[in-house]
Structures are given as structure tokens and as C-alpha cells.
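Q: coords please:
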Amino acid sequence: MKHKAQHALWAKLGNPTKTAQAAENKRPLPNARSKITLKVIEMPGFRELEDKFIIYSGPKGQFPYGVEDRAEQLSIDTFGIKASDTELKTPPDYWDWPEISAERNAFDEARERHDEQFETLYLSDDEAMDYLLGLGVDFRNELGNPLKCISLFAVQAEAAAKGIAGKLPEQSALELKRWESRVELEVKAYLAKKKR
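A: Model prediction:
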């Protein structure tokens, strides 16, 4: 009887270890530099892509088949740019230049300066998530962890948030897209129910 009362008390009070872990997983903004304006997981297409990552990723974190093409299109639809649009284009004759030449050194320095604009190129997923939170783009899932697909979108989101390239979607357009996708799902569910 004593053990049942003790377990009941623990259940009533909750497990302090699990509560602390849950609070730790809910990551706040690193600093209140900007208000969160864009919650990525709620945007059309990102939930489906994240689910594909969770279900079909390889044991070593390889991208699921076909996900990169879908991510590129989703990036264009969302931010107006794809990952390759944030890279400095290599001149066609770059590989013909001598390895030690003024032209090649100048281009390599220009590429380094260009890449230094993008902090997320050098950050892990956790660090990129925190950095983007500060810019107003939320790449957290429901548990407060970074989305599995953040590596495919971090640089584009940063470029759009900083105004370097692309653009962040407007809230009104986002609301309309969310409503359209909800109606689309309801229609599919209705038609599936009607066929039975």
C-alpha cells in the first residue's frame, strides 16, 4: 500500500526530470531581436517534406529519394530562390586558370567574402535554428527541436531574412495558402468518404 501511495504522489507531482527535459527542449528566442514572423512547419509543403525526412531518411541521415528536387521547388515557392542562387557563380574558364594566378586568387577571395554573408553555412542544425529564430524565421518542430529539413533551407531563409536575395512570404499570402491547403484536405477527405 505504501508503494501505491508513493507512486500516486509521484504521478500527481509529475516527474521533475522529465519536466526539466521538456522545458529544455522548448527553446526560446536566443534574444528578442525580432518577433517570429514565419513559422516554417505551418507553411504549405513543409509538414509533408518533414514527414518524408522522418519516415524515409537513411540510417546515416541521407536524404530520402526525390526530396532534394521537392525541396528546391518548395524553396522557390517560399523564398523565391533556390540554394544555388545564394552561391557565387564560378566563371566558365575558372578551371583553365593556373592554380596560382591573380585571377584565381581574386575569385577565391571574392567567394570567401560572399560566403561570409551567410552564417548558416558554418553552423550545425541546432545553431542554425537558433540563429534563424533571431532573424524571425522559426525552423522548430512541435518539440522545439530543429526540423530535419533545415539544412536544405537555412541559407535561403537567411538570405531572404537579411534581404540579400529572395524574399520572406507575406503573412496574408501565408494565411491564404494555409486556408487553401486545409480546404483541399477537407475536399479529399469528403470525396474519400463519399466513395465508400
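Q: Quickly note the distance from residue 189 to residue 42.
A: Between residue 189 and residue 42 the distance, using C-beta to C-beta, to the nearest Å, works out to 19 Å. (Each C-beta comes from the backbone N, C-alpha and C, glycine too.)
Q: Also residue 56?
A: For residue 56, the distance to residue 42 under the criterion C-beta to C-beta works out to 22 Å.
Q: and what of residue 123?
A: The span separating residue 123 from residue 42 equals 23 Å under the rule C-beta to C-beta.
Q: For this structure, which segments are assigned as strands?
A: For the chain, strands defined by DSSP state E occupy the ranges 38-39, 137-138.
Q: out of those, nearest to residue 97?
A: Ranking the strands of the chain by their distance to residue 97 (criterion: C-beta to C-beta) puts strand 137-138 first, at 37.8 Å.
Q: what's the neighbour count on residue 71?
A: Number of residues near residue 71 (other C-beta atoms under 10 Å) recorded here: 23.
Q: Among the strands of the chain, pick out the one with the most neighbours on average.
A: Comparing these by mean neighbour count (mean count of other C-beta atoms under 10 Å), strand 137-138 comes out on top with a mean of 22.
Q: wait, isn't residue 77 in contact with residue 46?
A: No. In this structure residue 77 lies outside contact range of residue 46 using C-beta atoms under 8 Å: 10.5 Å.
Q: Out of those two, name the residue with the larger neighbour count.
A: Counting neighbours by other C-beta under 10 Å for residue 77 and for residue 46 shows that residue 46 has the greater number, 19 against 13.
Q: got a list of what that one touches?
A: Under the criterion of C-beta atoms under 8 Å, 6 or more residues apart in numbering, the contact partners of residue 46 comprise 40, 74, 147, 149.
Q: out of these, which are inside helices?
A: When these are checked against helices (DSSP state H), the matches are residue 74.
Q: Would you point out the helix or strand in this protein whose mean pLDDT is lowest?
A: In the chain, the helix or strand scored least confidently by mean pLDDT, DSSP states H and E is helix 16-25, which has a mean of 42.
Q: which intervals of the protein have sub-threshold pLDDT?
A: Confidence mapping of the chain against pLDDT under 70 gives the ranges 1-37, 61, 171-178.
Q: Setting aside sequence neighbours, what's the nearest residue to the residue nearest to the spatial centre of the chain?
A: Closest to where the C-alpha atoms of the chain average out (C-alpha atoms, centre = their mean) is residue 150, at 3.2 Å. For residue 150, ignoring the flanking residues on the chain, the nearest one in space by C-beta to C-beta, 6 or more residues apart in numbering is residue 139 at 4.7 Å.
Q: quick one: residue 137 and residue 157 touch, right?
A: Yes. Under the criterion of C-beta under 8 Å, residue 137 is in contact with residue 157, at a separation of 4.7 Å.
Q: Now do the shared contacts for these two.
A: Residues touching both residue 137 and residue 157 (C-beta under 8 Å, 6+ apart): 40, 168.
Q: how much space between the nearest residue to residue 76 once chain neighbours are set aside and residue 117?
A: Beyond its immediate neighbours in the sequence, the residue positioned closest to residue 76 (C-beta to C-beta, 6+ apart) is residue 82, lying 5.5 Å away. When C-beta to C-beta is applied, the distance between residue 82 and residue 117 equals 17 Å.
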